[in-house]
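[1] One predicted model, sequence on top.
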Amino acid sequence: AQSVAQPEDQVNVAEGNPLTVKCTYSVSGNPYLFWYVQYPNRGLQFLLKYITGDNLVKGSYGFEAEFNKSQTSFHLKKPSALVSDSALYFCAVRDGVYTDKLIFGTGTRLQVFP
Amino acid sequence: DTAVSQTPKYLVTQMGNDKSIKCEQNLGHDTMYWYKQDSKKFLKIMFSYNNKELIINETVPNRFSPKSPDKAHLNLHINSLELGDSAVYFCASSQDNSQETQYFGPGTRLLVL
(Lines give C-alpha, C1' and ligand atoms only; values in the text may rest on other atoms or scores of the structure.)
Protein backbone atom coordinates (compact mmCIF):
# COMPACT_ATOMS: atom_id res chain seq x y z
CA ALA A 1 0.00 0.00 0.00
CA GLN A 2 1.09 3.54 -0.65
CA SER A 3 2.04 5.73 2.27
CA VAL A 4 3.65 9.02 3.17
CA ALA A 5 5.52 9.95 6.30
CA GLN A 6 6.01 13.36 7.81
CA PRO A 7 8.76 12.83 10.38
CA GLU A 8 8.36 16.17 12.16
CA ASP A 9 5.31 17.02 14.24
CA GLN A 10 6.37 20.65 14.39
CA VAL A 11 8.81 22.92 12.61
CA ASN A 12 9.80 26.29 14.05
CA VAL A 13 11.27 28.97 11.82
CA ALA A 14 12.08 32.64 12.23
CA GLU A 15 10.36 35.00 9.83
CA GLY A 16 12.50 35.67 6.78
CA ASN A 17 14.40 32.40 7.08
CA PRO A 18 13.98 29.55 4.61
CA LEU A 19 11.67 26.75 5.65
CA THR A 20 11.50 23.06 4.86
CA VAL A 21 8.70 20.66 5.76
CA LYS A 22 9.71 17.07 5.15
CA CYS A 23 7.79 14.28 3.47
CA THR A 24 8.91 10.84 2.38
CA TYR A 25 6.82 8.39 0.43
CA SER A 26 6.52 4.69 -0.19
CA VAL A 27 4.74 3.66 -3.40
CA SER A 28 4.72 0.95 -5.98
CA GLY A 29 4.93 2.56 -9.38
CA ASN A 30 5.01 6.26 -10.10
CA PRO A 31 3.97 8.51 -7.23
CA TYR A 32 1.36 11.23 -7.48
CA LEU A 33 2.22 13.56 -4.58
CA PHE A 34 0.41 16.54 -3.10
CA TRP A 35 0.87 19.20 -0.46
CA TYR A 36 -2.06 20.80 1.33
CA VAL A 37 -2.17 23.46 4.04
CA GLN A 38 -4.77 23.81 6.79
CA TYR A 39 -5.13 27.11 8.59
CA PRO A 40 -6.80 27.09 12.03
CA ASN A 41 -10.49 26.17 11.85
CA ARG A 42 -10.36 26.02 8.07
CA GLY A 43 -10.49 23.37 5.39
CA LEU A 44 -7.49 22.11 3.47
CA GLN A 45 -6.11 24.27 0.71
CA PHE A 46 -4.18 22.82 -2.19
CA LEU A 47 -0.59 24.06 -2.52
CA LEU A 48 1.02 21.98 -5.24
CA LYS A 49 1.35 18.54 -6.77
CA TYR A 50 3.83 16.35 -8.58
CA ILE A 51 2.55 14.02 -11.27
CA THR A 52 5.41 13.87 -13.75
CA GLY A 53 8.00 16.12 -15.35
CA ASP A 54 10.21 18.69 -13.65
CA ASN A 55 11.33 17.60 -10.20
CA LEU A 56 10.92 21.13 -8.82
CA VAL A 57 7.26 21.98 -8.52
CA LYS A 58 6.12 25.54 -7.83
CA GLY A 59 2.87 26.16 -6.04
CA SER A 60 0.74 28.73 -4.28
CA TYR A 61 1.93 31.41 -1.83
CA GLY A 62 5.58 31.08 -2.92
CA PHE A 63 5.90 27.44 -1.89
CA GLU A 64 7.74 24.84 -3.91
CA ALA A 65 8.55 21.18 -3.49
CA GLU A 66 11.33 19.02 -4.81
CA PHE A 67 10.62 15.49 -5.92
CA ASN A 68 13.62 13.26 -5.24
CA LYS A 69 13.19 9.74 -6.52
CA SER A 70 16.40 8.33 -5.09
CA GLN A 71 15.56 9.57 -1.60
CA THR A 72 11.80 8.97 -2.03
CA SER A 73 11.17 12.46 -0.72
CA PHE A 74 8.93 15.37 -1.59
CA HIS A 75 9.94 18.14 0.80
CA LEU A 76 8.04 21.42 0.86
CA LYS A 77 10.15 24.57 0.81
CA LYS A 78 9.90 28.31 0.85
CA PRO A 79 12.87 30.69 0.57
CA SER A 80 11.58 33.22 3.09
CA ALA A 81 8.97 32.33 5.72
CA LEU A 82 6.15 34.63 6.75
CA VAL A 83 4.31 34.64 10.07
CA SER A 84 1.13 34.04 8.06
CA ASP A 85 2.58 30.73 6.83
CA SER A 86 2.00 29.30 10.30
CA ALA A 87 -0.41 26.42 9.77
CA LEU A 88 -0.69 22.64 9.54
CA TYR A 89 0.83 21.11 6.43
CA PHE A 90 -0.15 17.76 4.97
CA CYS A 91 1.66 15.65 2.44
CA ALA A 92 -0.49 13.18 0.50
CA VAL A 93 -0.10 10.46 -2.13
CA ARG A 94 -2.52 8.79 -4.49
CA ASP A 95 -3.20 5.23 -3.44
CA GLY A 96 -2.36 3.81 -6.86
CA VAL A 97 -2.63 4.90 -10.46
CA TYR A 98 -6.25 3.99 -11.08
CA THR A 99 -7.76 5.48 -7.97
CA ASP A 100 -8.39 9.00 -6.74
CA LYS A 101 -8.07 7.95 -3.10
CA LEU A 102 -5.60 10.15 -1.20
CA ILE A 103 -3.46 8.86 1.64
CA PHE A 104 -2.47 11.69 3.97
CA GLY A 105 0.51 12.05 6.23
CA THR A 106 0.08 12.88 9.88
CA GLY A 107 0.68 16.57 9.32
CA THR A 108 3.44 18.98 10.37
CA ARG A 109 2.67 22.12 12.28
CA LEU A 110 4.73 25.04 11.02
CA GLN A 111 5.28 27.89 13.43
CA VAL A 112 6.91 31.03 12.06
CA PHE A 113 8.11 33.44 14.73
CA PRO A 114 8.41 37.18 14.12
CA ASP B 1 -18.43 32.17 -4.48
CA THR B 2 -17.55 29.15 -2.37
CA ALA B 3 -16.37 26.25 -4.50
CA VAL B 4 -17.11 23.48 -1.98
CA SER B 5 -19.56 24.34 0.78
CA GLN B 6 -20.75 22.39 3.78
CA THR B 7 -23.60 22.87 6.22
CA PRO B 8 -23.72 23.11 9.10
CA LYS B 9 -20.33 24.43 10.14
CA TYR B 10 -20.81 23.26 13.71
CA LEU B 11 -22.99 20.47 15.02
CA VAL B 12 -23.43 19.61 18.69
CA THR B 13 -25.73 16.73 19.50
CA GLN B 14 -26.46 13.96 21.98
CA MET B 15 -25.43 10.32 21.69
CA GLY B 16 -27.98 8.23 19.88
CA ASN B 17 -29.29 11.02 17.70
CA ASP B 18 -29.35 10.98 13.90
CA LYS B 19 -27.83 13.89 12.00
CA SER B 20 -26.99 14.91 8.45
CA ILE B 21 -24.24 17.03 6.95
CA LYS B 22 -24.70 18.52 3.51
CA CYS B 23 -22.08 19.25 0.87
CA GLU B 24 -22.36 21.08 -2.43
CA GLN B 25 -19.76 21.90 -5.05
CA ASN B 26 -20.16 24.40 -7.89
CA LEU B 27 -16.99 23.40 -9.73
CA GLY B 28 -18.67 21.03 -12.16
CA HIS B 29 -16.65 18.14 -10.77
CA ASP B 30 -17.67 14.52 -11.23
CA THR B 31 -16.26 13.09 -8.01
CA MET B 32 -17.00 13.97 -4.39
CA TYR B 33 -15.55 12.69 -1.13
CA TRP B 34 -16.05 12.62 2.60
CA TYR B 35 -13.04 12.67 4.92
CA LYS B 36 -12.86 12.45 8.71
CA GLN B 37 -10.25 14.36 10.70
CA ASP B 38 -9.86 13.17 14.27
CA SER B 39 -8.71 15.06 17.34
CA LYS B 40 -5.07 14.37 16.45
CA LYS B 41 -5.65 15.97 13.03
CA PHE B 42 -5.31 12.62 11.26
CA LEU B 43 -7.20 12.69 7.96
CA LYS B 44 -8.78 9.61 6.45
CA ILE B 45 -11.08 9.12 3.52
CA MET B 46 -14.50 7.67 4.23
CA PHE B 47 -16.33 7.63 0.91
CA SER B 48 -16.09 8.79 -2.66
CA TYR B 49 -18.82 9.11 -5.27
CA ASN B 50 -18.44 9.54 -9.00
CA ASN B 51 -21.50 10.79 -10.83
CA LYS B 52 -23.77 9.65 -8.00
CA GLU B 53 -22.17 6.19 -7.87
CA LEU B 54 -20.32 4.93 -4.78
CA ILE B 55 -16.67 4.26 -5.62
CA ILE B 56 -14.82 4.11 -2.30
CA ASN B 57 -16.18 2.88 1.02
CA GLU B 58 -13.42 2.69 3.58
CA THR B 59 -14.70 0.25 6.20
CA VAL B 60 -16.90 2.90 7.71
CA PRO B 61 -19.64 1.70 10.11
CA ASN B 62 -22.94 1.31 8.34
CA ARG B 63 -24.38 3.98 10.65
CA PHE B 64 -22.79 6.34 8.12
CA SER B 65 -24.72 6.55 4.89
CA PRO B 66 -23.71 8.91 2.11
CA LYS B 67 -26.29 10.04 -0.40
CA SER B 68 -25.68 11.78 -3.70
CA PRO B 69 -28.89 13.18 -5.23
CA ASP B 70 -26.87 14.62 -8.12
CA LYS B 71 -23.21 15.01 -8.93
CA ALA B 72 -23.03 18.45 -7.29
CA HIS B 73 -24.20 17.19 -3.91
CA LEU B 74 -22.97 14.56 -1.48
CA ASN B 75 -24.67 14.41 1.89
CA LEU B 76 -23.63 12.36 4.89
CA HIS B 77 -26.23 10.92 7.22
CA ILE B 78 -25.15 9.46 10.54
CA ASN B 79 -27.47 7.26 12.60
CA SER B 80 -27.19 6.54 16.32
CA LEU B 81 -24.33 8.93 16.92
CA GLU B 82 -21.55 7.79 19.25
CA LEU B 83 -18.96 9.73 21.22
CA GLY B 84 -16.24 8.49 18.88
CA ASP B 85 -17.95 10.14 15.93
CA SER B 86 -16.83 13.52 17.27
CA ALA B 87 -14.49 14.88 14.62
CA VAL B 88 -14.25 17.33 11.78
CA TYR B 89 -15.80 16.05 8.58
CA PHE B 90 -14.53 17.43 5.29
CA CYS B 91 -16.18 17.21 1.94
CA ALA B 92 -14.03 17.46 -1.19
CA SER B 93 -14.45 17.25 -4.95
CA SER B 94 -12.32 16.66 -8.02
CA GLN B 95 -12.63 16.05 -11.72
CA ASP B 96 -12.97 12.48 -12.82
CA ASN B 97 -9.26 11.81 -13.14
CA SER B 98 -6.81 10.36 -10.65
CA GLN B 99 -4.32 13.11 -11.44
CA GLU B 100 -6.69 15.88 -10.58
CA THR B 101 -6.55 17.95 -7.43
CA GLN B 102 -9.13 17.51 -4.72
CA TYR B 103 -10.67 20.72 -3.41
CA PHE B 104 -11.89 20.73 0.16
CA GLY B 105 -14.80 22.35 1.91
CA PRO B 106 -14.42 24.28 5.18
CA GLY B 107 -15.37 21.33 7.36
CA THR B 108 -18.18 20.46 9.76
CA ARG B 109 -17.18 20.22 13.40
CA LEU B 110 -19.28 17.52 15.02
CA LEU B 111 -19.36 17.13 18.78
CA VAL B 112 -21.29 14.25 20.27
CA LEU B 113 -22.08 14.62 23.98
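    Sure, I can see it.
[2] you'd agree A:Asp54 is in a strand?
    No - secondary structure of A:Asp54 (DSSP: H, G, I helix; E, B strand; the rest coil): coil, not part of a strand.
[3] Alongside chain B, which residues does chain A contribute?
    Applying C-beta under 8 Å from any C-beta of the partner chain, we find that chain A lies next to chain B at A:32, A:34, A:36, A:38, A:41-46, A:49, A:51, A:88, A:90, A:94, A:96-102, A:104, A:106-107. For the C-beta atoms, the positions are set from N, CA and C on the backbone; glycine is no exception.
[4] B:Thr108: neighbouring residues, count only.
    Neighbour count for B:Thr108, taken as other C-beta atoms under 10 Å in any protein chain shown: 22.
[5] now do B:Ile21
    The burial count for B:Ile21: 22, using other C-beta under 10 Å.
[6] and it, what does it touch?
    Going by C-beta atoms under 8 Å, 6 or more residues apart in numbering or on different chains, B:Ile21 touches B:6-8, B:11, B:75-76, B:78, B:89, B:91, B:108, B:110.
[7] One more: A:Pro18?
    Each residue near A:Pro18 by C-beta under 8 Å, 6+ apart is listed here: A:77-81.
[8] Just send those residues back as JSON lines, with secondary structure and pLDDT too.
    Converted to JSON lines, the contacts of A:Pro18 look like this (DSSP: H, G, I helix; E, B strand; the rest coil; pLDDT from 0 to 100):
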{"residue": "A:Lys77", "secondary structure": "strand", "pLDDT": "98"}
{"residue": "A:Lys78", "secondary structure": "strand", "pLDDT": "97"}
{"residue": "A:Pro79", "secondary structure": "coil", "pLDDT": "97"}
{"residue": "A:Ser80", "secondary structure": "coil", "pLDDT": "97"}
{"residue": "A:Ala81", "secondary structure": "coil", "pLDDT": "97"}
